[in-house]
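Peer 1: Got a sequence here, can you model it:
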Amino acid sequence: MKIAFLVGQFPVLSETFILNQIVGMIERGHEVDIYALDGKADRAYKTHPEVEKYRLLERTYRVPTIPANKYLRQLKGLGLLIVNFYKSPLFLLRSLNFFKYRKRATSLQLLYSSLPFIGKDAYDIIHCQFGPLGILALDLRDIGILKGKKLLTSFRGYDISRQIQESGNDIYNQLFIEADFFLTNCDYFRQRILKLGCDENKVIVHRSGLDCSKFIFTSHHPHPDGKIRIAMTGRLVEKKGVEYTIRAIAKVAKTHQNIEYNIIGDGDLREQLQQLIQDLNVGHIVNLLGWRNQEEIITILNNSHIFIAPSITAKDGNQDAPINVLKEAMAMGLPVVSTFHGGIPELVEDGISGFLVPERDADALAEKLVYLMENPQIWPDMGRAGRACVEQHYNLHQLNDKLVEIYQQLLGQGVSKIHSLDKCEVA
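Peer 2: Numbering: from 1, shown residues only. Below you'll find the predicted structure:
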């Protein structure tokens with residue numbers, strides 16, 4: 001099969017779930033092109049080794065950077081139109097149809113977004129990662145510049161939470177009608193798009209997988225030095241709830257001073273969180289480590305005892321699915337503490353593989369951390385339960401095999417056959 005993956009930025013360290021699918025299709029012998037439709041590469045300075053191993057940047061086509069300034073955007077757009085007009089005059093003119101495409105045309109988004117597709121042959125599968133890219137793909141397909149037999153869209157988080165709050169419940173109406181099929185990465189989000197009007201026969205759950213062979217299970221026990229090391233991985237943005245864990249750690253430190261909290265990641269809230277750490281006088285306990293590559297993350301987790309992921313619903317409505325960093329920690333045998341949030345309860349079984357607490361509840365987080373610290377004898381059982389869950393429901397190789405089957409059935413016998421693979425979930 002010839003597959004086009006439509007993504008935002010590429011590569012992005014926090015979106016290994018997309019990278020895993022791309023690599024999985026290449027390993028299975030399929031031809032893959034990647035279209036980065038907001039043009040930029042990730043600002044992070046560390047690159048996933050598989051990007052280099054599979055020479056993915058050579059397969060990546062980027063939209064030219066769109067200037068924020070209206071006049072610069074128009075000036076650059078005119079230059080791009082003049083330079084590329086002879087290659088595809090009809091399609092580029094269609095991208096400027098202000099009456100039909102409205103804001104996407106007036107902002108020149110369609111013109112800029114059309115350029116990477118000039119001269120490309122038709123694809124068997126066009127797989128859009130996140131709902132808004134599905135909408136953009138519809139317009140690109142309508143003007144004729146993007147050609148493919150089947151259009152599939154994955155919903156993964158912000159697109160079915162924050163995007164709805166910003167744009168309204170009808171944002172995906174046309175997409176639900178015109179696209180061929182949809183995937184969600186948890187049942188929580190599947191139920192959401194059904195409520196928005198998606199045909200239940202056109203959507204299944206296809207979870208984001210993990211290569212468990214890269215995350216070796218270890219039965220964790222207290223270190224001889226007595227220090228309890230707690231870890232977290234994630235972007236420093238509101239929905240990750242880092243603030244509440246820092247506050248929880250400050251509470252725990254009043255009675256348990258021999259602890260260490262390592263936060264792996266970076267983001268817009270770094271300075272604000274650094275100030276909070278200083279205000280709470282926990283700078284000797286809490287470490288903002290910045291981004292780390294996968295090998296470095298594994299080393300940190302191997303030396304940790306508890307993993308925490310305090311996800312919250314952000315003020316703009318943004319929510320998480322079962323996040324990959326939780327799966328990684330569970331695969332490595334760490335007991336976890338997380339929240340009753342989004343699709344996370346589908347991954348973490350409260351009291352079995354870890355603990356779940358209400359969102360934004362620093363007291364509850366502190367209580368569960370103290371309980372785990374004072375009861376290390378339960379760590380191994382929780383770790384084994386977490387590993388078993390990840391192996392059973394989030395096996396990357398099985399999920400990528402299923403994704404190939406979804407593509408093939410979509411091209412062949414249609415959506416009814418896809419549902420026969422697994423009634424409402426591909427696990």
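Peer 1: was I right about Ser311 contacting Glu359?
Peer 2: Yes. Shown here, Ser311 and Glu359 form a contact pair, counting by Cβ atoms under 8 Å, at 7.4 Å. C-beta here means a position set from N, CA and C on the backbone, and glycine is covered the same way.
Peer 1: count of neighbours near the closest residue to Glu359 other than its chain neighbours?
Peer 2: Leaving aside its chain neighbours, Glu359 sits nearest to Ile312 (4.4 Å; criterion: Cβ to Cβ, 6 or more residues apart in numbering). For Ile312, the neighbour count with other Cβ atoms under 10 Å is 22.
Peer 1: so what's Ile312 up against?
Peer 2: Residues near Ile312 by Cβ atoms under 8 Å, 6 or more residues apart in numbering: Glu238, Lys239, Lys240, Gly241, Tyr244, Thr339, His341, Glu359, Arg360.
Peer 1: For burial, what's the neighbour tally of the fourth one?
Peer 2: Right, the one you point to is Gly241. If you count neighbours by other Cβ under 10 Å, Gly241 ends up with 27.
Peer 1: Could you find the closest non-adjacent residue to it?
Peer 2: Take Gly241 and drop its neighbours on the chain: the residue closest to it by Cβ to Cβ, 6+ apart is Pro310, 3.6 Å away.
Peer 1: Now do the shared contacts for Ser311 and Glu359.
Peer 2: Gly241, Thr339, His341.
Peer 1: possible to save those residues as a markdown table with secondary structure and pLDDT?
Peer 2: Below are the shared contacts of Ser311 and Glu359 laid out as a markdown table (DSSP: H, G, I helix; E, B strand; the rest coil; pLDDT from 0 to 100):
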| residue | secondary structure | pLDDT |
| --- | --- | --- |
| Gly241 | coil | 96 |
| Thr339 | strand | 97 |
| His341 | coil | 95 |
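Peer 1: Could you list the low-pLDDT ranges of the stretch 1-150 of the chain?
Peer 2: Low-confidence segments of the stretch 1-150 of the chain (pLDDT under 70): 39-47.
Peer 1: where do the strands sit along it?
Peer 2: Ranges of strands in the stretch 1-150 of the chain, per DSSP state E, counting those that start in this stretch, are 2-7, 31-36, 60-62, 123-129, 148-155.
Peer 1: gap between the longest one and the chain center?
Peer 2: A distance of 17 Å separates the C-alpha centroid of strand 148-155 from that of its chain, computed with Cα atoms, centre = their mean, to the nearest Å.
Peer 1: Who are the packing partners of it?
Peer 2: strand 123-129, helix 131-143, strand 181-184, helix 396-411 (3 or more Cβ pairs under 8 Å, 6 or more residues apart in numbering; DSSP states H and E).
Peer 1: try it again with 6 Å
Peer 2: Packed against strand 148-155 by the contact rule (3 or more Cβ pairs under 6 Å, 6 or more residues apart in numbering; DSSP states H and E) you find strand 123-129, strand 181-184.
Peer 1: Switch these over to a markdown table; also include mean neighbour count.
Peer 2: Formatted as a markdown table, these follow (neighbours: other Cβ atoms under 10 Å):
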| stretch | mean neighbour count |
| --- | --- |
| strand 123-129 | 25 |
| strand 181-184 | 24 |
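Peer 1: Switch the ones you listed over to TSV, and while doing so, append distance to Lys368 to every line.
Peer 2: Converted to TSV, the helices and strands packed on strand 148-155 look like this (distance: least, Cβ to Cβ, whole Å):
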stretch	distance to Lys368
strand 123-129	34
strand 181-184	29
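Peer 1: Touching, Asn287 and Glu260? I think so.
Peer 2: No. Counting by Cβ atoms under 6 Å, Asn287 sits too far from Glu260 to count as a contact (7.3 Å).
Peer 1: Which parts of the protein belong to which domain?
Peer 2: Domain segmentation of the chain under automatic domain parsing yields 2-209+396-426, 212-392.
Peer 1: starting at the chain centroid, how far to the shortest one?
Peer 2: Remark: domain 212-392 is offset 18 Å from the chain centroid, using Cα atoms, centre = their mean.
Peer 1: go on, the longest one?
Peer 2: Its chain's average C-alpha position is 14 Å from that of domain 2-209+396-426, according to Cα atoms, centre = their mean.
Peer 1: give me the number of residues near the closest residue to Ser95 other than its chain neighbours?
Peer 2: Nearest non-adjacent residue to Ser95, counting by Cβ to Cβ, 6+ apart: Leu110, 4.0 Å away. The burial count assigned to Leu110 is 25, neighbours taken as other Cβ under 10 Å.
Peer 1: Please apply the same query to Leu93.
Peer 2: Residues near Leu93, counting by other Cβ under 10 Å, number 13.
Peer 1: Which stretches in the stretch 251-400 of the chain count as strands?
Peer 2: Using DSSP E, counting those that start in this stretch, strands in the stretch 251-400 of the chain cover 259-264, 286-290, 306-309, 336-339, 354-357.
Peer 1: Those strands into JSON lines, with extra columns for mean neighbour count and distance to Gly119?
Peer 2: Listed next are these as JSON lines, based on neighbours: other Cβ atoms under 10 Å; distance: least, Cβ to Cβ, whole Å:
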{"stretch": "strand 259-264", "mean neighbour count": "21", "distance to Gly119": "41"}
{"stretch": "strand 286-290", "mean neighbour count": "18", "distance to Gly119": "40"}
{"stretch": "strand 306-309", "mean neighbour count": "28", "distance to Gly119": "44"}
{"stretch": "strand 336-339", "mean neighbour count": "26", "distance to Gly119": "47"}
{"stretch": "strand 354-357", "mean neighbour count": "24", "distance to Gly119": "50"}
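Peer 1: And those strands: which comes nearest Ile193?
Peer 2: Between Ile193 and those, the tightest spacing by Cβ to Cβ is seen for strand 336-339, at 22.4 Å.
Peer 1: For that closest one, name the packing helices and strands.
Peer 2: Secondary elements touching strand 336-339 (3+ Cβ pairs under 6 Å, 6+ apart): strand 306-309, strand 354-357.
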